[in-house]
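Colleague: got a predicted model here, sequence first, then my questions.
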Amino acid sequence: MNKFIIRFLDILGSIVALIIFSPFMIIIIIAIKIDTKGPVFADTPERVGLHYKPFKFYKFRSMIQNAHTILKTDPKYKDIYEEYKKNNYKLKNDPRITKVGKFIRKYSLDELPQFINVLKGDMSLVGPRAYYFDELDYYIAKKKKFKKDIQIITSIKPGITGVWQVSGRSNIPFDKRIQIDLEYAMNYSIKQYFLILLKTPMAVFSKKGAY
């Protein structure tokens, strides 16, 4: 029953959000096009969805074109890529971020297109992080116990927001993020869903861990 109610709330919430934020999304699209060459949406690899199935993740492009591929293949980014892996798949001073990208990431405006993912059914408003496959593969290889944990985490849809996003965002170590997402998946409920939704605006405006 929880899943049916949450799906209804996801559809309703994403429609309302897309209507409210559509003027801002148009402005962001224009700003991205003026700032740099490349697509409006980030050309990132597919993300891990429900039951470990891949899905196309919509997000405004905040970096140079082909940023994800360049980081892993361009020799000049070798040291930065190693830092990226050690720093929980985040970089505090990422040279790939554009001027417009820096602003929209600061206020999580790059995340607005994810309401399309929610409407399509790929994501929920609240849930675990939508991980990259290489993130999870890297950590499963290091710690085999993660495999069972990830199976539980991916038994529900990833979310635009979640427990770790409202608890420090990028400042939380990867291992801890996995544990937080695991606990949410194991205690999946409408009450948790609403509590996290209520905490999200404060987390966004505080900009804690946003980089």
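Modeller: Everything's here; your move.
Colleague: what's the first helix or strand after the lengthiest helix in the chain?
Modeller: Ranked by number of residues, the top helix in the chain under DSSP state H is helix 2-35. Going down the chain from helix 2-35, the next helix or strand is strand 47-48, by DSSP states H and E.
Colleague: list of residues touching that following strand?
Modeller: Contact with strand 47-48 is made by Pro54, Phe55, Phe57, Ala130, Tyr131, Tyr132, Phe133, Leu136, Thr154, Pro158, as judged by Cβ atoms under 8 Å, 6 or more residues apart in numbering. To be clear about C-beta, it is placed using only N, CA and C from the backbone, and glycine gets the same treatment.
Colleague: buried stuff in the longest helix of the chain?
Modeller: For helix 2-35, burial by neighbour count (16 or more other Cβ atoms under 10 Å) applies to Ile6, Leu9, Asp10, Gly13, Ser14, Ala17, Leu18, Met25, Ile28, Ala31, Ile32.
Colleague: any idea how far Gln65 is from the last one?
Modeller: Note on Ile32: its distance to Gln65, by Cβ to Cβ, to the nearest Å, is 11 Å.
Colleague: mutual contacts of the two, please.
Modeller: Taking Cβ under 8 Å, 6+ apart as the contact rule, Ile32 and Gln65 both touch Gly38.
Colleague: the protein: strands as residue ranges?
Modeller: 47-48, 54-55, 124-126, 159-161 (DSSP state E).
Colleague: most neighbours per residue, which of the ones you listed?
Modeller: Highest mean neighbour count among those (mean count of other Cβ atoms under 10 Å): strand 124-126, with a mean of 26.
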